[in-house]
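> My questions are about this predicted structure, shown below with the sequence.
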Amino acid sequence: MSSADAVRGAALGLIAGVTGAHQALSDQLATGALVALAPADRARAQRLALTTLRQIARADAVLKPHLRRAPPADVQALLRLATVEMLDLGAAPHGVVGAAVALARAGGQRAEAFAGLVNAVLRKVAATDPARWSSLPPPSLPDWLRGRLMSAWGKRAVMAMEAAHLAGAPLDLTPKDGDAAALAARLGGVALATGSVRLVAAGQVSDLPGYAEGDWWVQDAAAALPARILAPGPGARVLDLCAAPGGKTLQLAATGAQVTALDISGPRMARVTENLARCGLAADCVVADALTWQPPAPFHAVLLDAPCSATGTIRRHPDLPFVRTPASLRDLFALQARLIDRALAFLAPGGRLVFATCSLLPDEGEAQVTAALARHPGLRPDPEALALPGLAPEWTSAEGGLRLRPDYWPEVGGMDGFYIAALRHSPA
């Protein structure tokens, strides 16, 4: 099997895992055909799977007239992959069709029986007018999520979010020294007003100048804001709750604060330790459950990026609509409330809490903070902390938080959806 066919085969395995087994891509990266690939091929397979998942609804619209009935799931995944390669990625039709037929024949007796269908259908797909592909609408969010977002933000906003999801996400970096202009000039990127550096065509991340030296780390511009809003001073005792994979820990450590990073997952915390070592930064890394852990002393500030539905990150994680369900949301809402209460208990009098979720749902943002303010009479919003460059005043929500959406900043490539609130705690 050629290198290109091995990449396609690994991408097919990822797609099938998402659409068939409802496994997140991140849970599949250490399994299957992907692990046998060289790093560059592994990255190509992941990109191919991500692009196909992002475009599945549009691929199905093109395939539907050429199929009398739905083929088996593995054959359908192959047709979708090949369609996206030809119509979205501009790959040569002859090579794509030939590779798809070869993969069908190598897929066992059942898949081999569909090799003729794969050949016939994809030849018709290859003749599709490019204008038809470009005119297809962005894929809609799942009904359960789309309905909730329509109620919260309205139809026009949801359609804009869906367009942002289809466009995907650029690569954002956080400079260790805080000099976004210098890093942007060095890498040929754009320095964003909030302090991040944006690259449109980055290639292999680990090959970029400054990666090995730890001069920067990958972090969406919106995800970089909670630590900038917390803004601890040198020597401040700071707790980063639910810290993995560690971008915010790195930011806090770079300020000179005394950082404790806590996460319940040992393997994920190992990534935090690795990132700290690469960047030459220090933090006390703790593997524990925040709901039962007891710190040795109170903290001046706590950053809580709570577990959530991650619906704000669909533009970079198009597998999420296939693996998330509404059934788990109620437990998440309850956990977030408990974590807020726990985080406040870790603060010294007058301490500050920044609460964040990468969610588009008000239940995981505005409603959580409104409820927390009612539960804790000594808690109050700190709107001045949200007054950072690049943030529009209209993004401030009624209870004093910051609401970010993927359709914001369309002229520079958007941002992840986030909710962030800065709170001060003076126990009554």
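Good, I have the coordinates.
> Tell me the secondary structure of residue 238, please.
Per DSSP: H, G, I helix; E, B strand; the rest coil, the secondary structure class of residue 238 is strand.
> pLDDT at it, what is it?
Predicted confidence (pLDDT) at residue 238: the value is 98.
> That one: how many residues sit nearby?
Other residues within reach of residue 238, judged by other CB atoms under 10 Å, total 27. No exception for glycine: its C-beta is placed from N, CA and C like everyone else's.
> how is this protein carved up into domains?
Domain ranges of the chain: 3-135, 171-425, per automatic domain parsing.
> Now do residue 296: how many residues are near it, please.
5.
> please renumber so the chain begins at 34
Understood, numbering begins at 34; the last thing we discussed is residue 329.
> can you tell which of the domains of the chain is closest to residue 188?
domain 204-458 (12.5 Å; CB to CB).
> Pull up the distance across that closest one, start to finish.
35 Å (CA to CA, to the nearest Å).
> From the chain's centroid, how far away is that domain?
Domain 204-458 has its C-alpha centroid displaced from the chain centroid by 12 Å (CA atoms, centre = their mean, to the nearest Å).
> Surely residue 268 is within a helix?
No. Under three-state DSSP, residue 268 sits outside any helix and is assigned coil.
> and it, what does it touch?
289, 290, 291 (CB atoms under 8 Å, 6 or more residues apart in numbering).
> And residue 89, by the same measure?
52, 113, 172.
> What helix or strand is it located in?
Per DSSP states H and E: residue 89 is located in helix 72-96.
> Could I get the average pLDDT for whichever strand or helix holds residue 363?
Using DSSP H and E, residue 363 maps to helix 362-378. Averaging pLDDT along helix 362-378 gives 95.
> And the next helix or strand past that helix?
strand 380-390.
> Render the CA-only coordinates of that next one in PDB, please.
Extracted in PDB, the C-alpha atoms of strand 380-390 (Å, rounded to 0.1, in the frame of the first residue of the first chain):
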ATOM      1  CA  LEU A 380      -9.700  31.700  47.600                       C
ATOM      2  CA  ALA A 381      -8.300  34.000  50.200                       C
ATOM      3  CA  PRO A 382     -10.600  36.900  51.300                       C
ATOM      4  CA  GLY A 383     -10.800  39.400  48.400                       C
ATOM      5  CA  GLY A 384      -9.500  36.800  46.000                       C
ATOM      6  CA  ARG A 385     -10.400  36.700  42.300                       C
ATOM      7  CA  LEU A 386     -12.000  33.900  40.300                       C
ATOM      8  CA  VAL A 387     -12.200  33.700  36.500                       C
ATOM      9  CA  PHE A 388     -14.700  31.200  35.300                       C
ATOM     10  CA  ALA A 389     -14.700  30.000  31.700                       C
ATOM     11  CA  THR A 390     -16.300  27.400  29.500                       C
END
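> what are the pairing partners of it, and which direction each?
According to DSSP bridges, strand 380-390 forms sheet pairs with strand 332-338 (parallel), strand 451-458 (antiparallel).
> Out of the ones you listed, flag the one nearest residue 83.
Short answer: strand 451-458, nearest of these by CB to CB, at 20.6 Å.
> from what I can see residue 431 touches residue 399, true?
Yes. Counting by CB atoms under 8 Å, residue 431 does reach residue 399; the two are 7.3 Å apart.
> between the two, which one's more packed in?
Neighbours were counted for residue 431 and for residue 399 using other CB under 10 Å; residue 399 has more, 19 against 8.
> Is there a neighbour count for the nearest residue to residue 159 once chain neighbours are set aside? I'd like the number.
The shortest distance from residue 159 to any non-neighbouring residue, by CB to CB, 6 or more residues apart in numbering, is to residue 126 (3.7 Å). Counted by other CB under 10 Å, the residues lying close to residue 126 total 18.
> Next step: the contacts of residue 89 restricted to helices.
52, 113 (DSSP state H).
> Mind picking the one among the contacts of residue 89 that's closest to residue 190?
residue 172 (16.5 Å).
> hang on, residue 53 packs against residue 106?
Yes. The pair formed by residue 53 and residue 106 meets the contact definition of CB under 8 Å, at 5.2 Å.
> Alright, I will stop here.
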